[in-house]
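A.B. asks: this one's sequence-less:
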C-alpha cells in the first residue's frame, strides 16, 4: 500500500470539507462572531472547536509520519500545544484555516514521494498514558490513525452544527459528488 492509495485521499478530502465548513460559518456569521465559534464546545469537559481543528491536523500529519517511519518535525509539537491551549487561546478562523492548508500540503508532499509501505510493517504506538499498542502498518492506519482523525473531524462538524451553522450531509460528504452519475440527475 502507498499513502496515496489509502490515507492521503481521506485526509485531504475531509480536511478540505472542514475548511469549507469554517468558510460557511464565516459566511453565515458576517458580523465577525465567527471567531467566538472557535471557543464553542459540545460539552464542558470536551475540547473546543479550535482544538478539534488542530487535533484533526495533528492526527493527519502524525499518521503520515508514523506510517513512513519518520521522526515528527517540531511543527507537530507546536500543533499539539496549540490544540491543548486552545481553550484559553482559540486563535482566529484564519489561524484554523492556515493549519488546514499547512496540513494538506504536508500530507500531499508525503504522498508525492510515492513510498511504498509494507502493510505488515510493525508499529509500536506509545500513548501518553504509558500504554503501547503493537500494530502492523495496516492495523495502525485502519484501527487508529483514521478513526482518531475522524473523531476530531466529526466533533468539529458537530460543534459547528450545534452553533447554528447550516451544514448537512452534503457538506460532510461533498467529495462524493465526484462519483455522481450524471444521468442520475435528471
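C.D. replies: Noted; the coordinates are in hand. Quantities reported herein were computed from a predicted structural model and do not represent experimental measurements.
A.B. asks: what count of nearby residues applies to residue 82?
C.D. replies: 22 (other CB atoms under 10 Å). All C-beta atoms are positioned from the backbone trio N, CA, C, and that covers glycine.
A.B. asks: no wait, residue 17
C.D. replies: Neighbours around residue 17, by other CB under 10 Å: 20.
A.B. asks: same question for the one 4 residues further on.
C.D. replies: Residue 21 is surrounded by 23 other residues when neighbours are defined as other CB under 10 Å.
A.B. asks: in contact with it, which residues?
C.D. replies: Applying CB atoms under 8 Å, 6 or more residues apart in numbering to residue 21 gives the contacts 156, 157, 160, 165, 167, 171.
A.B. asks: let's see it at 7 Å
C.D. replies: 157, 160, 167, 171 (CB atoms under 7 Å, 6 or more residues apart in numbering).
A.B. asks: relative to residue 146, how far out is it?
C.D. replies: 19 Å (CB to CB, to the nearest Å).
A.B. asks: just residue 6 next, same as before
C.D. replies: Look at residue 6 and residue 146: by CB to CB, they are 9 Å apart.
A.B. asks: backbone phi and psi for the closest residue to residue 62 other than its chain neighbours, please?
C.D. replies: Among residues not flanking residue 62 along the chain, residue 76 sits closest, at 6.3 Å (CB to CB, 6 or more residues apart in numbering). The phi and psi values for residue 76, taken as degrees, to the nearest 10, are phi -70, psi -40.
A.B. asks: quick check: residue 76 touching residue 61?
C.D. replies: Yes: between residue 76 and residue 61 there is a contact under CB atoms under 7 Å: 5.7 Å.
A.B. asks: these two - which one has more neighbours?
C.D. replies: The residue with more neighbours, out of residue 76 and residue 61, is residue 61; 22 against 16, by other CB under 10 Å.
A.B. asks: so who does the more buried one touch?
C.D. replies: 76, 103, 106, 107.
A.B. asks: looking at the residues you listed, which one is closest to residue 41?
C.D. replies: Closest approach to residue 41 among those (CB to CB): residue 103, at 22.1 Å.
A.B. asks: so the closest one sits against residue 15, correct?
C.D. replies: Yes: counting by CB under 7 Å, residue 103 does reach residue 15; the two are 5.9 Å apart.
A.B. asks: intersection of neighbour lists for the two?
C.D. replies: Shared contacts of residue 103 and residue 15, counting by CB under 7 Å, 6+ apart, come down to residue 60.
A.B. asks: ok, which stretches of this structure are strands?
C.D. replies: 122-126, 132-136 (DSSP state E).
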